[in-house]
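J.: with the sequence up front, the predicted model follows.
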Amino acid sequence: MRCELDASLLAKYPDMQVSGLLVRGIDQAAVAALAFPAWPQAAEEQAEPVIRHWKALHKQLSGDKHARSSIAYLVKAANRDSLRRINPLVDWYNQASLRSLSPFGGEDIRCLSGALRLTLAQGQERFVPLGRPDEVQLPGAGEVVWLDGAGKVVCRALNWLESDLHKITGQTREVVFVSERPDRTLPDPQPGMDWLAAQLAPCAAELQPFLLDRHTTQIDLGDA
């Protein structure tokens with residue numbers, strides 16, 4: 001399993017940084033049994049500048065006027081007490097996202113065909129939206145996307161739309177979590193990733209944190 005930042009991406013976004021966490025041997029029953037805290041609620045003066053910054057960034061990342069960062073939805077839903085739980089692993093990474101005011105994503109390693117690569121789309125890669133397994137979309141040329149080892153889109157516009165093909169399910173036992181930071185004016189996701197690792201440690205056989213940037217562009221995370 002390899003995770004990497006593509007040279008074409010770094011040429012356009014040289015300050016891109018990705019905090020990551022590989023988790024293997026997950027006991028989902030143990031995760032479900034963990035005491036789950038209330039959703040954190042961010043103060044408006046703290047969250048709104050972050051949400052505005054991400055909104056401006058997404059116009060560059062995708063060119064799609066509808067693109068939004070996942071943190072915008074999470075903050076608003078949590079503050080309205082309307083954020084629903086999905087499944088234990090997704091719920092915990094959403095907790096980490098809210099705690100760090102950074103977008104988080106998680107993918108089932110078995111579905112990634114051996115790689116997870118952040119790059120600029122050519123516009124011909126296949127994307128199957130979450131919850132719509134019979135639909136196929138194409139990203140815009142130059143859109144920032146995560147691709148798997150087979151060249152299929154894992155997530156569009158960094159953290160906007162997740163793929164149905166790589167989603168975490170109740171049978172998932174190996175996960176890679178990532179959180180992107182396109183520039184240093186945004187909150188650092190690393191404290192949230194460290195917190196997530198601490199919560200999941202009693203329920204997993206192996207945890208491997210990693211950090212990618214222009215100095216360390218790829219990492220080998222072992223066999224998928």
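T.: Cool, the structure landed. Quick caveat, the model's predicted, so the values are computed rather than measured.
J.: now do the buried residues in stretch 13-24.
T.: By neighbour count, with 16 or more other CB atoms under 10 Å as the criterion, the buried positions of stretch 13-24 are 13, 16, 17, 18, 19, 20, 21, 22, 23, 24. In this view, the C-beta of every residue, glycine as well, is placed from N, C-alpha and C.
J.: check stretch 106-120 too.
T.: Buried residues in stretch 106-120, defined by neighbour count with 16+ other CB under 10 Å: 106-109, 111-113, 115-120.
J.: same check on stretch 137-157?
T.: By 16+ other CB under 10 Å, the buried positions in stretch 137-157 come out as 139-140, 142-148, 152-157.
J.: closest one to residue 214 out of those residues, please.
T.: Looking at the buried residues of stretch 137-157 and their distance to residue 214, the nearest is residue 144, at 15.1 Å (CB to CB).
J.: residue contacts, the closest one?
T.: Neighbouring residues of residue 144 by CB atoms under 8 Å, 6 or more residues apart in numbering: 9, 13, 61, 62, 118, 119, 120, 121, 157, 158.
J.: quick one, which of those has the minimum pLDDT?
T.: On pLDDT alone, residue 62 ranks lowest of those, at 69.
J.: ok so, going back, in JSON lines: the buried residues of stretch 106-120, plus secondary structure and distance to residue 93.
T.: Output for the buried residues of stretch 106-120, formatted as JSON lines (DSSP: H, G, I helix; E, B strand; the rest coil; distance: CB to CB, whole Å):
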{"residue": "106", "secondary structure": "strand", "distance to residue 93": "5"}
{"residue": "107", "secondary structure": "strand", "distance to residue 93": "11"}
{"residue": "108", "secondary structure": "strand", "distance to residue 93": "13"}
{"residue": "109", "secondary structure": "helix", "distance to residue 93": "14"}
{"residue": "111", "secondary structure": "helix", "distance to residue 93": "16"}
{"residue": "112", "secondary structure": "coil", "distance to residue 93": "16"}
{"residue": "113", "secondary structure": "coil", "distance to residue 93": "22"}
{"residue": "115", "secondary structure": "strand", "distance to residue 93": "20"}
{"residue": "116", "secondary structure": "strand", "distance to residue 93": "15"}
{"residue": "117", "secondary structure": "strand", "distance to residue 93": "20"}
{"residue": "118", "secondary structure": "strand", "distance to residue 93": "18"}
{"residue": "119", "secondary structure": "strand", "distance to residue 93": "22"}
{"residue": "120", "secondary structure": "strand", "distance to residue 93": "25"}
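J.: can you tell me which of the residues you listed is nearest residue 223?
T.: Closest to residue 223 out of those is residue 109 (9.7 Å), distances taken as CB to CB.
J.: show the model's pLDDT score for that closest one.
T.: Note for residue 109: predicted pLDDT of 97.
J.: check which helix or strand the residue of the chain positioned farthest from its centre maps to.
T.: Distance from the centre of the chain peaks at residue 45, with 24.4 Å (CA atoms, centre = their mean). For residue 45, the element it lies in under DSSP states H and E is helix 44-61.
J.: by mean pLDDT, flag the weakest helix or strand of this structure.
T.: Lowest by mean pLDDT, DSSP states H and E among the helices and strands of the chain is helix 44-61, with a mean of 87.
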